[in-house]
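Novice: Generate a structure from the sequence data that follows.
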Amino acid sequence: MKREEIIEMIYHILKDKLELPTMASFHEEARLNEDLYMDSVMILELILYIELDFGIKVPDEMLVPKDFQTVHTVIEFIKRQQCEALGGIK
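Specialist: Okay, the predicted model is just below:
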C-alpha cells in the first residue's frame, strides 16, 4: 500500500470514525496528543480501526508509545506491520 493511501485511510479514521474536531491540525508531523488532542482511549480506538481497516493484527507486545506520537510514526508503524505480514517483503 502506498504512503498516500495510508495517510488517506488514517485521515478517514480520525475524521469519520473517531470524529476528531481538530482535523484542521492534521498533517504528517501532527502530534496525536498535543496537536490533535487525542487521549489514550482515542489512541486505542485508532489502533482498533487500524487493525480492522488495514487488515493487520497488532499484538499487545508490539504496542509501544513511540509508535503513536505523530501521524508520521503511525504511518511507519503500519508500514512495518504490513511488511511483517508479508514476510518481510517491502
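Novice: Closest to the centroid, which residue in the chain?
Specialist: Val74 (4.0 Å; Cα atoms, centre = their mean).
Novice: That one: which element?
Specialist: helix 71-85 (DSSP states H and E).
Novice: ok, back up a step: from memory the residue nearest to the centre of the chain sits against Leu46, does it?
Specialist: Yes. Using Cβ atoms under 8 Å, Val74 makes contact with Leu46 at a distance of 7.4 Å. For the C-beta atoms, the positions are set from N, CA and C on the backbone; glycine is no exception.
Novice: Now do the shared contacts for the two.
Specialist: By Cβ atoms under 8 Å, 6 or more residues apart in numbering, Val74 and Leu46 have these common neighbours: Leu32, Phe68.
Novice: Helix, strand or coil: sort out Leu46 for me.
Specialist: Of the three states, Leu46 takes helix according to DSSP: H, G, I helix; E, B strand; the rest coil.
Novice: Look up how far Lys15 lies from it.
Specialist: Distance of Leu46 to Lys15, computed by Cβ to Cβ, to the nearest Å: 12 Å.
Novice: Name all residues that sit in contact with these two at the same time.
Specialist: With Cβ under 8 Å, 6+ apart, Leu46 and Lys15 have no common neighbours.
Novice: The two: who's more crowded?
Specialist: For Leu46 and Lys15, the more surrounded residue by other Cβ atoms under 10 Å is Leu46, and the numbers stand at 21 against 13.
Novice: Look up how far Ile13 lies from that one.
Specialist: Separation of Leu46 from Ile13 (Cβ to Cβ) stands at 6 Å.
Novice: again with Asp60
Specialist: 20 Å.
Novice: of those two, who's got more company?
Specialist: Between Asp60 and Ile13, counting by other Cβ under 10 Å, Ile13 is the more crowded of the two (20 against 6).
Novice: Once you drop chain neighbours, what's closest to that one?
Specialist: Tyr49 (4.5 Å; Cβ to Cβ, 6 or more residues apart in numbering).
Novice: in the protein, what spans have low per-residue confidence?
Specialist: Filtered on pLDDT under 70, the chain yields the residue ranges 88-90.
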